[in-house]
Each structure stands twice: as structure tokens, then as C-alpha cells.
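In: Build me a model from this:
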Amino acid sequence: MAPSLVTPPVGFDVAGLRRTTLDNGLTVLSEEIPGVRSVAFGAFVQAGSIHEPRERMGVSHLLEHMVFKGTPTRTARQLSLEVETLGGSLDAYTTREYTSYQARVLDEHLDVATDVIADLVFRPLLRDADLALERNVVIEEIGMVEDTPDDLVFELHNELLWGSHPYGHAILGTRETVGALGTAELRALHERAYHPGRVVVAAAGRVEHDRLVESLVRSGWDREPRRDATPLATCPPTPQAPAYRHEPDRELTQTHVVFGSTTVPHADPRRYALSLVSMLLGGGMSSRLFQKVREEQGLAYAVHTFQSFHVDTGLHGVYVASAPETARRAADSVREELARLASESLPDEELEAGKRQLKGQITLSLESVTNRMYRAAGVELFGEPFRTLDDALALVERINPEDVRDVCAAFFAPEQQTVLSLGPKAVG
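Out: Numbers count the residues shown, from 1 in each chain. Predicted structure coming up:
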């Protein structure tokens with residue numbers, strides 16, 4: 001079946017990006033990058049943890065593991081060997097919104113990548129005999145998080161911030177929910193989501209678009225049947241009142257603290273100003289928090305900001321870890337910097353320096369073919385226009401003092417933060 005080109009959606013900027021929709025509904029995006037020898041190729045299944053009911057928490061992640069256990073034509077070992085013996089890499093991960101399967105290979109090995117990932121996505125065996133073993137692997141992964149306080153504190157903070165909404169679910173699931181999952185639940189999810197109408201293919205690097213489509217056809221992507229492509233149901237989270245909770249653990253030698261609040265979704269233009277403010281607050285060694293809490297006060301080794309933007313909401317926050325006797329001082333220092341941002345915003349010179357820093361980070365990040373693949377996939381996953389590097393830099397340059405003042409006042413005040421501490425002593 002020959003692939004057919006379709007008209008791009010309104011707002012789709014085709015400069016540097018090619019897009020094809022196959023007759024069975026599969027969306028294919030690619031960006032050719034001169035001067036490299038590799039290709040990043042990925043399949044993004046539009047099913048993640050926000051689509052899971054609480055009793056099946058972790059099913060998307062468990063299915064991601066199970067597809068690697070074998071297909072009708074490849075054993076589990078063969079799936080990884082075919083890519084790795086060529087010097088490439090094969091990987092997968094689960095997010096809130098989607099599950100990704102990706103390979104990085106030399107351009108001459110693109111056919112291997114498309115064929116192996118087609119096998120993983122569309123033709124996994126999902127055998128009962130494999131489930132017991134892989135369930136144990138995932139439970140061990142959950143155990144690693146439980147034994148790593150600077151991971152666990154984020155899981156606990158998510159629960160406190162989002163309440164019972166799926167954004168508060170653990171992507172890995174819990175020991176109880178994973179233990180209760182069977183192959184019936186895995187097969188049901190695979191049937192519902194792992195088909196062309198809910199899969200986005202993206203590639204970047206030394207890849208010519210027509211050759212990519214031909215490779216997909218040779219690997220059978222076009223022969224997978226079209227099914228219901230209606231997006232999986234989600235519901236926007238209900239805002240929760242700011243809260244504080246302490247999880248005591250006297251065996252830890254530090255108290256780990258996360259501050260955070262909801263922000264804006266991925267499509268909101270304010271995310272550029274939010275990213276800039278977050279970077280200047282705690283995004284590196286020159287940031288306010290690093291200089292104050294670590295360099296000037298010596299209260300912490302690790303202190304940094306974090307953020308994420310989802311389809312219908314967003315999150316920003318601060319993490320700091322300090323000895324029990326100094327944890328309250330470290331937390332108070334974070335609160336002081338948040339209050340200063342909320343009331344004073346950024347001076348003009350710091351804003352201009354921040355623009356230069358953010359533009360540099362964006363430029364450097366786009367020297368990675370994998371990051372360019374993610375950018376291409378984001379056009380379909382988040383419904384945003386494709387932006388060239390110059391477009392992205394122009395958006396940063398247009399951030400003005402009013403934009404920054406608005407986001408600082410709206411999202412950074414300390415009284416608006418939900419706070420979770422984990423360790424021997426509470427921070428109040």
C-alpha cells in the first residue's frame with residue numbers, strides 16, 4: 001500500500017521538517033541534519049500513566065518492559081543484539097502522556113531500527129511465562145526508588161500535589177498494583193493503544209524522508225490495521241490547596257525537601273518565561289539558589305529547580321537536601337529566594353543575561369540528533385508548530401519584564417508551594 005502525503009494541520013511550519021501520514025493513520029515526521037552519520041528513530045505510543053485508573057497504575061510501564069521479552073521472529077536477546085552489534089543503542093521509557101521506543105544507529109542501519117521497533121511495538125508475544133519474571137524486575141525497580149531518597153521524595157511530592165488524580169500516580173506503579181496486573185490487562189492496553197492511529201514515528205539525523213517512509217513500508221508499518229484513533233480519555237486535574245507534609249525516616253543522614261506548585265500546560269506561551277526564571281533560580285552553578293544555599297551558606301551539596309509541562313497542566317519546583325540540623329535553615333533560604341522573586345521579579349540585567357544563557361542552552365541541545373527527534377515528535381504529541389532554531393531563539397528574545405513579573409508573582413510565592421520533606425527532621 002503506497003503512502004500518501006496529507007495537508008499539514010493549520011500552524012504547521014514545514015521548514016526543515018517533513019510529515020507523512022500513511023493510509024492506515026500512522027504519522028511520520030523527520031528532520032534531515034547535514035553533517036552527521038547517525039539517525040535517532042523513535043515510535044511514540046500515545047498512552048502513559050495519566051490514562052491509567054488507580055487500580056492499574058503502572059500498566060503502561062509494565063507493558064513497555066514486556067514487549068522486549070520476544071516476538072514471533074526474535075527472542076529477547078535478538079531484539080537487543082540486532083541493534084547493539086551494529087554499534088547502535090535501543091531504549092524505551094514511559095512518561096505521563098506517552099511510551100517511547102527508540103534506537104540510535106548509523107544511517108546505513110536505519111532498516112534494522114525500523115524493523116526491530118516495528119516488532120517491539122506491534123508484535124510482542126506477551127506470554128504468561130514471561131510476566132512473573134518481568135513483574136519481579138519492575139518491583140525491583142520500584143525498590144530502587146524506595147531506597148533512593150532523592151527519587152522517592154519526588155514521588156511523595158507528586159502524591160501530595162496532585163491528590164488522587166493520575167498525575168499523582170507513580171509511573172512505575174506500586175508493588176500492589178504491579179503485582180495484580182496480568183497479561184489480560186497488558187493485552188487490553190496493547191489492543192487499545194499500540195496501533196497506527198495512536199503511534200507517532202519521528203526521526204532526525206542523516207535521514208532522507210522518502211527513504212524513511214520506504215523503510216517503514218519494508219518493515220510492515222503500513223500493513224498494521226487502522227483502529228480507533230480517538231485520544232485516550234483524561235481529565236484535567238483539580239487544583240489542590242498548598243500543603244506541607246513530612247515523611248519521617250530516621251535512618252537517613254539528610255532531610256530531602258521538595259517545593260512545588262502547578263504552572264501552565266505545554267501549549268501556554270508563558271512556559272518560556274517560566275523556563276527562564278526557573279533556570280536563573282536554580283538551573284546551574286551560577287543560579288541564585290546554588291550561590292546562596294551552597295556557596296555562601298554551605299547548607300547543601302544538591303539544590304536545584306525542576307519543571308515539566310504536560311498537555312493540560314505543568315509543574316515547577318525546587319529540591320534541596322541538607323543535614324537534619326541545617327535542613328530548616330536550607331528550606332528557609334529557599335523560601336526567601338522564592339519570596340524575593342515573587343515580590344521583586346528579575347532586574348533587567350539579570351533578565352538579559354538569562355536570555356543569553358537560555359538561548360545558548362537551546363542551541364547546544366539541538367546539536368543532539370536525539371533531541372531533534374523529540375522536537376519533531378512534539379509537533380504531533382503536543383499539537384505545537386515546528387519551530388526552527390531561529391524561531392525558538394526569537395521566542396526567548398521576546399520575553400519581556402512584564403512576562404517575567406507575571407509568572408514570578410503567579411507561581412513562585414512561597415505560600416503557594418506544596419512542600420514535602422523526607423528524613424529525620426521536619427522543616428515546617
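
In: I'd like the distance between Gln297 and Ala229.
Out: According to CB to CB, to the nearest Å, Gln297 stands 54 Å off from Ala229. C-beta coordinates here come from the backbone N, C-alpha and C atoms, glycine included.

In: and what of Ile50?
Out: Separation of Ile50 from Ala229 (CB to CB) stands at 18 Å.

In: Give me the more crowded residue out of those two.
Out: For Ile50 versus Ala229, the count of surrounding residues by other CB atoms under 10 Å is larger for Ile50: 24 against 13.

In: The more buried one - nearest residue in space that isn't next to it in sequence?
Out: Spatially, and ignoring its direct neighbours in sequence, Ile50 is nearest to Pro166 (4.4 Å; CB to CB, 6 or more residues apart in numbering).

In: And for Arg405?
Out: In space, and not counting its chain neighbours, Arg405 is closest to Ser345: 4.2 Å by CB to CB, 6+ apart.

In: What of Tyr167?
Out: Pro237 (5.4 Å).

In: hang on, that neighbour in a strand?
Out: No - applying DSSP: H, G, I helix; E, B strand; the rest coil, one finds Pro237 to be coil, outside a strand.

In: what sits against it?
Out: Each residue near Pro237 by CB atoms under 8 Å, 6 or more residues apart in numbering is listed here: 162-163, 165, 167, 262, 312-313.

In: Drop anything exposed from the residues you listed.
Out: With neighbours counted by 16 or more other CB atoms under 10 Å, the contacts of Pro237 contain buried members at 162, 165, 167, 262, 313.

In: how far out from the middle of the chain is the strand or helix carrying Glu336?
Out: Using DSSP states H and E, Glu336 maps to helix 327-344. Here helix 327-344 shows a centroid-to-chain-centroid distance of 28 Å under the convention CA atoms, centre = their mean, to the nearest Å.

In: what does stretch 338-351 give?
Out: The answer for stretch 338-351 is 28 Å, by CA atoms, centre = their mean.

In: Inside helices: which ones of the contacts of Pro237?
Out: Using DSSP state H, the members of the contacts of Pro237 that fall within helices are Trp162.

In: Identify the farthest-apart pair in the contacts of Pro237.
Out: Of all pairs drawn from the contacts of Pro237, the one with the longest distance (CB to CB) is Gly163 and Asp312, at 15.3 Å.

In: What segments of the stretch 201-350 of the chain are strands?
Out: 244-248, 255-262, 303-309, 314-322 (DSSP state E, counting those that start in this stretch).

In: Gln361 is nearest to which of these?
Out: Set against Gln361 and scored by CB to CB, the strands of the stretch 201-350 of the chain come closest in strand 303-309, at 13.3 Å.

In: Do you know the pLDDT at the residue nearest to Arg405?
Out: Per-residue pLDDT puts Ser345 at 98.

In: Tell me who's in contact with it.
Out: Counting by CB under 8 Å, 6+ apart, Ser345 has contacts 401, 404-405, 408-409.

In: what do you get for Phe309?
Out: Contacts of Phe309 by CB under 8 Å, 6+ apart are 263-266, 268, 271.

In: number of nearby residues for the nearest residue to Asp312 once chain neighbours are set aside?
Out: Leaving aside its chain neighbours, Asp312 sits nearest to Pro236 (4.6 Å; criterion: CB to CB, 6+ apart). Using other CB under 10 Å, Pro236 has 12 neighbouring residues.

In: pLDDT at Pro236, what is it?
Out: 86.

In: looking at this protein, which residue lies furthest from center?
Out: Residue farthest from the centre of the chain, counting by CA atoms, centre = their mean, is Glu325 at 34.6 Å.

In: distance of the most centrally placed residue in the chain from Ala233?
Out: Nearest to the geometric centre of the chain sits Thr95, at 5.4 Å (CA atoms, centre = their mean). When distance is defined by CB to CB, Thr95 is 17 Å away from Ala233.

In: returning to what we had before: excluding chain neighbours, what is closest to the residue farthest from the centre of the chain?
Out: Here the residue nearest Glu325, using CB to CB, 6+ apart, is Lys425, at 7.7 Å.

In: residue contacts, that neighbour?
Out: Residues in contact with Lys425 (CB under 8 Å, 6+ apart) are 255, 324-325, 327-328.

In: of those residues, buried ones?
Out: Counted by 16+ other CB under 10 Å, the contacts of Lys425 give 255, 324, 327-328 as buried.

In: Using TSV, lay out these together with pLDDT and distance to Arg387.
Out: Shown next, in TSV, are the buried ones among the contacts of Lys425 (pLDDT from 0 to 100; distance: CB to CB, whole Å):
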residue	pLDDT	distance to Arg387
Thr255	98	41
Pro324	97	46
Ala327	98	41
Arg328	98	43
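
In: Val419 belongs to a helix, doesn't it?
Out: No - applying three-state DSSP, one finds Val419 to be strand, outside a helix.

In: State the distance from the residue nearest to it when sequence neighbours are not counted to Val320.
Out: Once flanking residues are discounted, Val419 sits nearest to Tyr244: 4.6 Å by CB to CB, 6+ apart. Note on Tyr244: its distance to Val320, by CB to CB, is 15 Å.

In: ok, these two, which is more surrounded?
Out: For the pair Tyr244 and Val320, the greater number of neighbours falls to Val320 (27 against 14), based on other CB under 10 Å.

In: Look up how far Glu140 lies from that one.
Out: Val320 is 29 Å from Glu140, by CB to CB.

In: Check Leu26 too.
Out: Applying CB to CB to Leu26 and Glu140 gives a distance of 35 Å.

In: Which one's more surrounded, these two?
Out: Leu26 (23 against 9).

In: per-residue confidence at the residue lying closest to that one once chain neighbours are set aside?
Out: Nearest residue to Leu26, sequence neighbours excluded (CB to CB, 6+ apart): Pro196, at 3.8 Å. Confidence at Pro196, expressed as pLDDT, is 97.

In: Please apply the same query to Val14.
Out: We have a pLDDT of 52 for Val14.

In: go on, Pro8?
Out: The model reports Pro8 with a pLDDT of 39.

In: what is Thr418 paired to in the beta sheet?
Out: On the basis of DSSP bridges, Thr418 is bridged to Gly260.

In: in terms of contact, does it touch Ser261 like I think?
Out: Yes - if you go by CB atoms under 8 Å, Thr418 and Ser261 touch, sitting 6.3 Å apart.

In: can you count the residues close to Leu276?
Out: Neighbours of Leu276 using other CB under 10 Å come to 24.
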